[in-house]
Every structure is written in structure tokens, then in C-alpha cells.
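Student: quick one: sequence and predicted model below, then my questions.
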Amino acid sequence: MTYFESILKVLGIGLLLGAGLPAVFALGLVAFARGDGSDGTGDAAVAPNPAMKALGLALFTFVALVIVAAVLWITRATIIHHTGVDLFPFLPKK
């Protein structure tokens, strides 16, 4: 059962980051465009909405932070080896 649980965990994270993160980025693009006054058709502009623009920027920031955290997680052993700094001290070590 351990192998099956491990496979399901990897599948879940892969789906979340492989499909979920690009979907959040796409929602950020839509929100930012609508906040800027575009209706998506290119024909007519709508009134700018600063709240939608801020939502788009927040979603872009979230995606960027997830990517940076993932890269730091992958390279954590090298960072600890060269600098002695553990960026994830609250997580268990193997």
C-alpha cells in the first residue's frame, strides 16, 4: 500500500502544479486584462476596474512565489551544504 499511496501523492502534486498553476496564471491574465479595460474581444473597451487589475497582479505574484519556493525546495540540500542556511527548518529532514 505504501507504493500506491506514494504514486497517488506524486500524481496529485503533478496535477496541482502541472495544471493548477497554469490555470491560476490564466485567471490572472483574464483579471488583469479586464482590470485594464479590455473586454477580450478587441473591439470595444470597458471601464477600467482597479480591483480586477489588483487581483490579476496578486495571482501573478502567487504563481511567482510558488515557482521560487519550488526551486528553493529542489535545491535545498545544495543551499544547506554551501551556506549552512536551512530555508525550510519547519519541515522534516530525511
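Tutor: Thanks, I have the structure now.
Student: determine the longest helix present in the protein.
Tutor: For the chain, the longest helix by residue count, based on DSSP state H, is helix 50-74.
Student: for it, which positions count as buried?
Tutor: Using 16 or more other CB atoms under 10 Å as the test for burial, helix 50-74 gives Met52, Lys53, Leu55, Gly56, Leu59, Phe60, Val63. (C-beta placed from N, C-alpha, C; glycine too.)
Student: if I look at His59, how far off is Ile67?
Tutor: For the record, residue 59 is Leu, not His. Going from Leu59 to Ile67 by CB to CB, to the nearest Å gives 13 Å.
Student: I'd like the average pLDDT over the longest helix of the chain.
Tutor: Averaged across helix 50-74, pLDDT comes to 94.
Student: next secondary structure after that helix?
Tutor: Note on helix 50-74: by DSSP states H and E, the next helix or strand toward the C-terminus is helix 76-83.
Student: follow-up on the earlier one: let me have the buried residues of helix 50-74 in a markdown table, extended by distance to Ala77.
Tutor: Below are these laid out as a markdown table (distance: CB to CB, whole Å):
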| residue | distance to Ala77 |
| --- | --- |
| Met52 | 41 |
| Lys53 | 40 |
| Leu55 | 36 |
| Gly56 | 35 |
| Leu59 | 31 |
| Phe60 | 29 |
| Val63 | 25 |
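Student: which one among these gets closest to Gly28?
Tutor: Leu59 (3.2 Å; CB to CB).
Student: what's near enough to touch the nearest residue to the closest one once chain neighbours are set aside?
Tutor: Excluding its sequence neighbours, the residue lying closest to Leu59 (CB to CB, 6 or more residues apart in numbering) is Gly28, at 3.2 Å. By CB atoms under 8 Å, 6 or more residues apart in numbering, Gly28 lies in contact with Leu55, Gly56, Leu57, Ala58, Leu59, Phe60, Val63.
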